[in-house]
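J.: Structure here, sequence nowhere to be found:
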Ligand code: ZN
């Protein structure tokens, strides 16, 4: 079991707290305590409701490696291997513990159809579904199902709010505490978007829906406690203004770029001091784009948070060792943290570019492309992010480093992300890109030493071609076309697999896991 555990490099999660005020430092223990409640609730949500193995009860596992791996995965299923069990337990239900474990999509949909007045509750982002007396489905609101931990978390956030000097942060904490008791999160989301000046930050609550693989309806509890990096944030400020111009210059016919991108997004850099729940399970998030509520997004846009210390840890502990094995030695110097940070940042910004509705008026691209939508959208953001970087260099806006840094770092990043596997949207998007670049000759593999090099003069045309391909598939809502592309280019060939095996043989970790908390921060 230890070799599974060792896929994760251990990273101490620290930040410079010296710029926080004494009151802000006093708030941290309260925020971490509230985050701990999210951890408990997520562990329950991710688990199996079956009687044979009640994960929520923190089972006693004798093997220390298995116990540790169970902690990392928040359960007995391996998040790096499409949730395969690593302990003798039944397969993970698609709906995790959000639904009864035996519930099928068909049964749920038939039930909703027969009980239209209950549809709202059943499909709600904030309910757990259970069977009552063995058959009927009932929706239990989070604030009822999780009443005790949510009351406790609300009280802890209020205590933090009492210490807050920043009016925006105080207001948000109070509204968030209230939301825990009502499941009405919109007002607190709006207040979160209004926070501008505070250095101490918390993202907390039921947020993402990836854990619900049955329908993607149910939100999972998580928390990040963060400290804003003011200096790096200033570097990011200027890019949001450039979006409309970049949208106009996308390499597609006009009908595919007539929507206007969101320009009011706010982009900042942070160091994370605590991860809990969903975001701490398996592969760790390094950039956040929230809130997810579309009503709030339309009214006020979103905030994008770049998690700098977590990125740095992945860069040092994973990307650089990969570079040492797989990148041509003369190009290794072009792999830089600045380029890695930039590529990740522009990935987030690029989600705002392109097309959200099909050009024939059928509706949302997301609906048209169904189960392929998120992998393609991630692929779009990656490639358009790099496309943006090219334009910013060409226009002289970008002056640090050079485009080759971004290209080589991008190529190395593909090897890192392909390892997340075909079950992850990011993993699949990277396989596709690797094969596409290969076809365009954007990189070459030296057969003698198995190292890869970017071919700069071919790279730009490959980036433009892939951008065009994805934007047109999205704009046409061409589900069959996406399936064809994935069949043709979405898998790892034998040569790449052998190269990935070299990374595993060199014991290069796949992701990171944190040592975190008050002691690590020197606050205890
Ligand atoms: Zn993304």
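T.: That came through, no problem. Just so we're clear, the structure is a prediction, and the values are computed from it rather than from any experiment.

J.: what sits against residue 287?
T.: Residues counted as contacts of residue 287 (Cβ atoms under 8 Å, 6 or more residues apart in numbering) are 304-307, 311, 344-345, 347-348. For every residue, glycine as well, the C-beta is placed using N, CA and C.

J.: Sort out for me which of the residues you listed are in helices.
T.: Per DSSP state H, helices hold the following members of those: 311, 344-345, 347-348.

J.: Closest one to residue 178 out of these, please.
T.: Proximity of these to residue 178 was ranked by Cβ to Cβ; the top entry is residue 348 with 29.2 Å.

J.: Spell out which residues of this protein are next to the ion.
T.: Contact residues, the chain versus the ion (Cβ under 5 Å from the ion): 378, 381.

J.: Skipping adjacent residues, who's closest to residue 407 in space?
T.: In space, and not counting its chain neighbours, residue 407 is closest to residue 454: 4.6 Å by Cβ to Cβ, 6 or more residues apart in numbering.

J.: Now for residue 489: which residues touch it?
T.: Counting by Cβ under 8 Å, 6+ apart, residue 489 makes contact with 431-432, 435-436, 439.

J.: Run through the helices of the stretch 151-300 of the chain in chain order.
T.: 167-182, 186-194, 230-237, 243-248, 294-300 (DSSP state H, counting those that start in this stretch).

J.: any weak-confidence spans in the stretch 301-450 of the chain?
T.: Residues of the stretch 301-450 of the chain meeting the criterion pLDDT under 70: 422-423.

J.: What segments of it are strands?
T.: Applying DSSP state E, counting those that start in this stretch to the stretch 301-450 of the chain gives strands spanning 303-307, 443-446.

J.: hey, which of the ones you listed is tucked in deepest?
T.: Mean neighbours per residue, mean count of other Cβ atoms under 10 Å, is largest over these for strand 303-307, with a mean of 23.

J.: So residue 461 is in contact with residue 437, correct?
T.: No - using Cβ atoms under 8 Å, residue 461 is not in contact with residue 437, being 10.7 Å away.

J.: who has more neighbours, those two?
T.: The neighbour comparison of residue 461 against residue 437 (other Cβ atoms under 10 Å) goes to residue 437, with 24 against 13.

J.: Might one say that that one is in contact with residue 462?
T.: Yes - between residue 437 and residue 462 there is a contact under Cβ under 8 Å: 5.3 Å.

J.: Tell me the residue of this protein that sits nearest the ion?
T.: Closest approach of the chain to the ion (Cβ to the ion) occurs at residue 381, with a separation of 4.6 Å.

J.: Now do the contacts for that residue.
T.: 347-348, 350-351.

J.: Do I have it right that residue 129 meets residue 137?
T.: Yes - using Cβ under 8 Å, residue 129 is in contact with residue 137, at 5.7 Å.

J.: Can you work out which residues contact both of these two?
T.: Common neighbours of residue 129 and residue 137 (Cβ under 8 Å, 6+ apart) are 100, 103, 108, 122.

J.: Looking at these, which are in helices?
T.: 108, 122.

J.: export the shared contacts of residue 129 and residue 137 to JSON lines and tack on pLDDT?
T.: Putting the shared contacts of residue 129 and residue 137 into JSON lines (pLDDT from 0 to 100) gives the following:
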{"residue": "100", "pLDDT": "92"}
{"residue": "103", "pLDDT": "94"}
{"residue": "108", "pLDDT": "95"}
{"residue": "122", "pLDDT": "96"}
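
J.: Which stretches in the stretch 101-250 of the chain count as strands?
T.: Going by DSSP E, counting those that start in this stretch, the stretch 101-250 of the chain shows strands at 127-132, 136-141, 200-208, 220-228.

J.: hey, which of these is tucked in deepest?
T.: strand 220-228 comes out most buried of these by mean count of other Cβ under 10 Å, with a mean of 25.

J.: Given it, what are its sheet partners and their directions?
T.: strand 200-208 (antiparallel), strand 266-277 (antiparallel) (DSSP bridges).

J.: all helices of the stretch 1-150 of the chain, in order?
T.: Using DSSP H, counting those that start in this stretch, helices in the stretch 1-150 of the chain cover 2-5, 22-46, 64-73, 105-114, 119-123, 142-145, 147-163.

J.: Now do the fourth one: distance to the chain's middle.
T.: For helix 105-114, the distance between its averaged C-alpha position and the chain's averaged C-alpha position is 30 Å (Cα atoms, centre = their mean, to the nearest Å).

J.: per-residue pLDDT, the closest residue in space to residue 145 that isn't next to it in sequence?
T.: In space, and not counting its chain neighbours, residue 145 is closest to residue 128: 4.7 Å by Cβ to Cβ, 6+ apart. We have a pLDDT of 96 for residue 128.

J.: What residues are recorded as beta-bridge partners of residue 128?
T.: Here residue 128, judged by DSSP bridges, has bridge partners residue 140.

J.: Settle this for me: it is touching residue 142, isn't it.
T.: Yes - between residue 128 and residue 142 there is a contact under Cβ under 8 Å: 7.0 Å.

J.: What are the contacting residues of stretch 167-178?
T.: By Cβ under 8 Å, 6+ apart, stretch 167-178 touches 153-155, 157-158, 160-161, 164, 184-185, 187-188, 191-192, 194-198, 200-202, 204-205.

J.: My error: substitute stretch 26-36 in the last question.
T.: 17, 153, 156-157, 159-160, 163-164, 200, 202, 204, 223-225, 273-274, 276-277, 517-518, 521, 523.

J.: Try it again at 7 Å.
T.: The contact list for stretch 26-36 (Cβ atoms under 7 Å, 6 or more residues apart in numbering) reads 153, 156-157, 159-160, 163-164, 200, 202, 204, 223, 225, 274, 276, 517-518, 523.
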